[in-house]
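Trainee: one predicted model, sequence on top.
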Amino acid sequence: MHALVLCDFTNNIWGQSNLSIPIIQTNNFHEWFGAILDILDTDGLMYVAAILYHIWRARNKAVWDAYLPRPKKVLMTATSALHAWRTVHHMAVQHATSAPAEPPHATTAQLGAPPPGLPPRRCYVDANYHHPTNTASVGAILLDGNGGYISAYASSLPSYFSPLMAEAVACKEALSWLKNRGEHSIELYTD
């Protein structure tokens, strides 16, 4: 929450974004993001996702490269990336609608796997670990083979004594979630 929303650097970015970001008194990213989901439309949420991603990249540049871009540069990069994504995504939709559709096989659809010839679905999983309290949480997002959103999952985890254990349990929880959804052919990505 601090790195993505509350610190002076990110607060400056959100202020320049011209988004209606709610001011809530919480240190819980899940609550903050839930409030945003209630306020913004799809375009606004895509802009928020792009900003969050590029704030995290700026943080990594500061940690690993000893370089922190100006908030305005982060915002411009996020805006540019969102524009590029929309352009590519729109083109992919046009190509998909102009190509003749092949009906999916019933057994493939029932198993939660993509029809033959389509790229497999991807699930990105990450854990959050708060060392002072030994608390952890998990977040996962399921995308189709073309990067389109299917579903997401988030949950708190029991207390653990290391980030490595939290990451391992996060993977296990995500796999259980996928199994309960009936997913059988997934590429799983985690750090």
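Mentor: Yep, it's here. Numbers count the residues shown, from 1 in each chain.

Trainee: what sits against the closest residue to F29 other than its chain neighbours?
Mentor: Leaving aside its sequence neighbours, F29 sits nearest to M1 (Cβ to Cβ, 6 or more residues apart in numbering; 4.5 Å). No exception for glycine: its C-beta is placed from N, CA and C like everyone else's. Going by Cβ atoms under 8 Å, 6 or more residues apart in numbering, M1 touches 26-29, 32.

Trainee: ok, M1 to D38 distance?
Mentor: 18 Å (Cβ to Cβ, to the nearest Å).

Trainee: now do the contacts for the most centrally placed residue in the chain.
Mentor: The centroid of the chain falls nearest to I141 when counting by Cα atoms, centre = their mean (6.2 Å). Contacts for I141 (Cβ under 8 Å, 6+ apart) come out as 123-124, 149, 151-153.

Trainee: what does T133 give?
Mentor: S159.

Trainee: does it count as helix, strand or coil?
Mentor: Look at T133: counting by DSSP: H, G, I helix; E, B strand; the rest coil, its state is coil.

Trainee: got it, and L188?
Mentor: Assignment for L188 (three-state DSSP): strand.

Trainee: what residues are bridge-paired with it?
Mentor: L188 has these beta-bridge partners by DSSP bridges: C123.

Trainee: so where do the strands sit in the protein?
Mentor: 121-130, 135-143, 149-157, 186-190 (DSSP state E).

Trainee: A62 is nearest to which of those?
Mentor: For A62, the closest of the strands of the chain is strand 121-130, at 19.4 Å, according to Cβ to Cβ.
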